[in-house]
Every structure is written in structure tokens, then in C-alpha cells.
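Asks: Structure for this input, please:
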Amino acid sequence: LHLLSGDNDSEKEKLQSFFGKETPMLFNQSPQDKLEYIKVLKTNGAKVLMLGDGLNDAGALKQSNVGIAVSENTSQFTPASDAILDSNNVHRLDAFIDYAKAGKRIVMWSWIISILYNFVGLSIAVQAKMSPMVAAILMPVSSITIVTFVSVATSIAAKRKGL
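Replies: Now for the predicted structure:
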């Protein structure tokens, strides 16, 4: 965990009590300083998740592996970010990250279901054991199945994470 801020260090003690004294904290950082710092971290093999709250963070958000714009108005323009987080929910960042990981698993499972469905359907069709009418009916059923699975799975994942 690293803290880079464009602000002065007037809140340093309060931030150290929250983040811990071992956390590197750099203040009075320009947008270019933040960008360079992230480049160095990535060059050293780090995976960087950047939280930024202003347009001056756009370069650093884009440079990071994952850029999350923190905003009081989540519908406002937030360039170069992978996600937008309401500022009132920053304390729930860990739940959102877990939800994103669950989303990746849901996408993987939807691919597996789709591949299996199509493999079985293709196997039956190649053997000429399926009429064109049945194939025409099953084609949209495949899409409906995947959309339903993803909708239900993401809803369940969100409820489990308390989101």
C-alpha cells in the first residue's frame, strides 16, 4: 500500500494512524510524479490498483493495472478509469474487489456452460439426430440460458458481498 497525494502533509499523522507507519506516504505530488511512481512500481513487478479523486489523476489511473475513480457524483465524466466508486463507499472497497473477482468467475462459468451447450448441440446436429426446427428453437434458448445464469449469479454474488 502506498499513498500519493497532491495535497500537503498536514494530515500525515492522521493518515499514518489509519494506514500504519510502514506505508510509504508522498505528499505534494504532481500528476506527473504520480504517473512516474506507478511506472516504477510496475517496472518492479507490482500490480497497481490506483484510487484517484480528480482529473489530475487521469494519467496515473490509466497507467495503473486497475484505475478506480472515486467521486461524489458517479455519473460525472471520469476519464481513464476502469471503475467508478462512490466516495461514500470507499470503506467497502474490499467488498467491491471481491465482487469483481466473483464477476470474473461468473464470466468463466458462462463460457463453460456455453461451450458445453454448443458442443452437445453440435454433436447431436452432426449425427443428424436433430431437426432444423428443434435447432432453431434451441439456438435462442442457449442465449437466454447464459443471460439468465449471469443475471442470477451476479445478483447472488452482490447479495453475498452486501452490495
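
Asks: from memory Ile38 sits against Leu61, does it?
Replies: No. No contact is recorded between Ile38 and Leu61 when judged using Cβ atoms under 8 Å, the distance being 9.2 Å. All C-beta atoms are positioned from the backbone trio N, CA, C, and that covers glycine.

Asks: Now do the shared contacts for those two.
Replies: Met50 (Cβ atoms under 8 Å, 6 or more residues apart in numbering).

Asks: which one is the residue nearest to the spatial centre of the chain nearest to, not counting chain neighbours?
Replies: Among the residues of the chain, Ala100 comes closest to the average C-alpha position under Cα atoms, centre = their mean, at 5.0 Å. Taking Cβ to Cβ, 6 or more residues apart in numbering, and ignoring the residues beside it in sequence, Ala100 has Ala83 as its nearest neighbour in space, at 7.7 Å.

Asks: give me every residue that touches the one you found.
Replies: So Ala83 contacts Val66, Gly67, Ile68, Ala69, Phe96, Ala100 (Cβ under 8 Å, 6+ apart).

Asks: Just the strands from the protein, written as ranges.
Replies: Using DSSP state E, the strands of the chain run over 3-4, 25-26, 49-52, 66-71, 83-86.

Asks: can you list the ones you listed in TSV and add mean pLDDT?
Replies: Compiled in TSV, the strands of the chain are given as follows (pLDDT from 0 to 100):
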stretch	mean pLDDT
strand 3-4	89
strand 25-26	91
strand 49-52	89
strand 66-71	88
strand 83-86	86
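
Asks: where does the protein have low pLDDT?
Replies: For the chain, residues meeting the criterion pLDDT under 70 lie at 77-79.

Asks: In it, where's the longest helix?
Replies: helix 93-126 (DSSP state H).

Asks: Okay then, goodbye and thanks.
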